[in-house]
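# Fold the stuff below for me.
(one chain, ligands or ions: 2)
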Amino acid sequence: MSHTPAVEAVGLRKRYGTTDALAGLDLVVPSGTVHGILGPNGAGKTTTVRVLSTLIRADSGTARVAGFDVRTQAAHVRSRIGLVGQHAAVDELLTGRQNLLLFGRLYHLDPTRAARRADDLLNAFRLADAGDKAVRHYSGGMRRRLDLAVGLLVAPSVLFLDEPTTGLDPRARAEVWDAVRGLAASGTTVVLTTQYLEEADQLADAVSVVDGGRVIAQGTPDELKADLGADRLDVTVRHAADLPTAAELLGRLSGADVETDADRMRLSAAVHDRVGALTEFLRASEDTDLAIEDVTVRRPTLDEVFLTLTDRTEVPA
Ligand SMILES: Nc1ncnc2c1ncn2[C@@H]1O[C@H](COP(=O)(O)OP(=O)(O)O)[C@@H](O)[C@H]1O
Ligand SMILES: [Mg+2]
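Residues are numbered from 1 along each chain as shown. Ligands and ions are numbered 1, 2, ... in the order given. Okay, the predicted model is just below:
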């Protein structure tokens with residue numbers, strides 16, 4: 001692991017018309033780590049990846065990738081990175097192996113070396129059996145694994161993955177996660193964008209939450225949960241008729257919005273003083289003769305943290 005960060009970006013700005021796609025984005029990714037750029041649609045994730053991979057230039061700000069300036073040393077950056085875009089670049093009519101050889105030519109790999117590399121990658125991504133089948137017969141997960149293999153042809157020191165599992169079913173997603181974990185274990189720095197909180201939680205050593213073209217929170221998944229999300233008090237009532245009274249009580253003592261899950265007769269709200277809130281709620285429910293089935297205090301989920309941060313009413317699809 002080298003001491004030069006794999007990515008170091010300061011104050012990146014990029015404007016399209018009147019839209020600030022990037023509005024002063026800062027990012028540091030230590031070498032050898034997996035970094036998640038987590039944000040809803042339109043947050044600026046793809047623009048960030050494009051700037052860092054030298055596909056477009058920022059209007060202002062600076063960025064170094066693998067130690068090189070993306071603006072003045074773009075060729076050096078390009079020779080050290082891999083990029084798997086949001087939309088697959090592989091050719092459907094060709095086989096997996098042919099695709100790898102084609103990209104090998106694009107990267108000026110020597111043909112013998114490219115053939116060996118293709119074999120290695122097909123094996124590594126469990127595509128050896130499918131290597132000589134046309135990609136149009138691949139499942140979603142197999143295609144994405146082939147995308148990853150293409151991104152790794154030149155053994156990059158930094159691999160950018162733009163929403164690697166968007167649109168995949170849970171099983172294919174799990175396969176891609178395994179592949180990313182394998183890469184990370186072999187020492188590749190991985191920068192991945194995602195709209196899925198669970199994905200960041202599963203894969204990333206550190207996460208930058210991006211919204212409106214800037215980083216609005218940063219840390220390990222656990223730090224984000226601990227620092228930014230207040231604890232939650234969950235209350236289950238015994239009788240559905242008690243829900244409104246219990247909700248009013250919980251709202252008053254937490255000073256926060258109360259979520260109601262009527263089917264499970266459960267209420268939930270953010271609280272700052274976990275023990276105080278718990279005891280106060282129990283005392284008040286006794287005074288008002290509320291029949292309480294269960295009360296628990298818990299850490300927020302990453303989803304709840306994300307919703308709080310981006311102030312959105314629903315998780316992006
Ligand atoms: N080439 C472009 N032309 C105009 N607007 C763009 C372009 N690329 C991105 N944008 C806008 O910049 C914002 C950030 O986009 P993007 O980086 O693609 O977000 P994300 O990948 O997080 O969904 C969005 O509002 C998007 O519409
Ligand atoms: Mg995008």
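# make it CA atoms for all contacts and neighbour counts henceforth
OK.
# For the closest residue to residue 66 other than its chain neighbours, the count of nearby residues, please.
Counting by Cα to Cα, 6 or more residues apart in numbering, residue 66 lies nearest to residue 6, which is 4.6 Å off, once chain neighbours are set aside. The burial count assigned to residue 6 is 26, neighbours taken as other Cα atoms under 10 Å.
# Name all residues that make contact with residue 255.
Contact criterion Cα atoms under 8 Å, 6 or more residues apart in numbering gives residue 271 as the residues in contact with residue 255.
# what's the spacing between residue 247 and ligand 1?
Distance from residue 247 to ligand 1, counting by Cα to the nearest ligand atom, to the nearest Å: 36 Å.
# Where does that residue sit, in terms of helix or strand?
With the criterion set as DSSP states H and E, the secondary-structure element containing residue 247 is helix 243-254.
# and that helix, average pLDDT?
Regarding helix 243-254, the rounded mean pLDDT is 93.
# Same check on stretch 272-284?
Stretch 272-284 shows a mean pLDDT of 87 in the predicted model.
# Give me the contacts around it.
By Cα under 8 Å, 6+ apart, the list of residues contacting stretch 272-284 reads 230-233, 249-250, 253-254, 271, 295-297.
# In it, which residues are buried?
274, 277-278, 280-281 (16 or more other Cα atoms under 10 Å).
# from these, which is closest to ligand 1?
Closest approach between the buried residues of stretch 272-284 and ligand 1, by Cα to the nearest ligand atom: residue 274, at 34.7 Å.
# Got phi/psi on the nearest residue to residue 9 once chain neighbours are set aside?
Sequence neighbours aside, residue 63 is the residue nearest to residue 9 in space, at 4.1 Å (criterion: Cα to Cα, 6+ apart). Dihedral pair for residue 63: phi -150, psi 140, per degrees, to the nearest 10.
# thinking again about what came up before, pull the helix or strand just after the helix holding residue 247 out as CSV, backbone CA atoms only.
Sequence order places strand 258-261 as the next helix or strand after helix 243-254, per DSSP H and E. Listed next in CSV are the C-alpha coordinates belonging to strand 258-261 (Å, rounded to 0.1, in the frame of the first residue of the first chain):
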residue,chain,number,x,y,z
VAL,A,258,-42.8,9.8,13.9
GLU,A,259,-42.9,7.0,11.4
THR,A,260,-46.0,4.8,11.7
ASP,A,261,-46.1,1.2,10.5
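# Partner strands of strand 258-261 and their direction?
strand 266-271 (antiparallel) (DSSP bridges).
# Figure out how far the strand it pairs with is from the centre of its chain.
A distance of 26 Å separates the centroid of the chain from that of strand 266-271, by Cα atoms, centre = their mean, to the nearest Å.
# contacting residues around it?
Outside of strand 266-271, the residues that reach it under the criterion Cα under 8 Å, 6+ apart are 229-237, 243, 246-247, 250-251, 254-261, 277.
# Recalculate using a threshold of 10 Å.
229-238, 240, 243-244, 246-247, 250-251, 253-261, 277-278, 293-300, 304 (Cα atoms under 10 Å, 6 or more residues apart in numbering).
# What subset of those is buried?
In terms of neighbour count (16+ other Cα under 10 Å), the buried residues within these are 229-238, 243, 246-247, 250-251, 253-254, 258, 260, 277-278, 295, 297, 299-300, 304.
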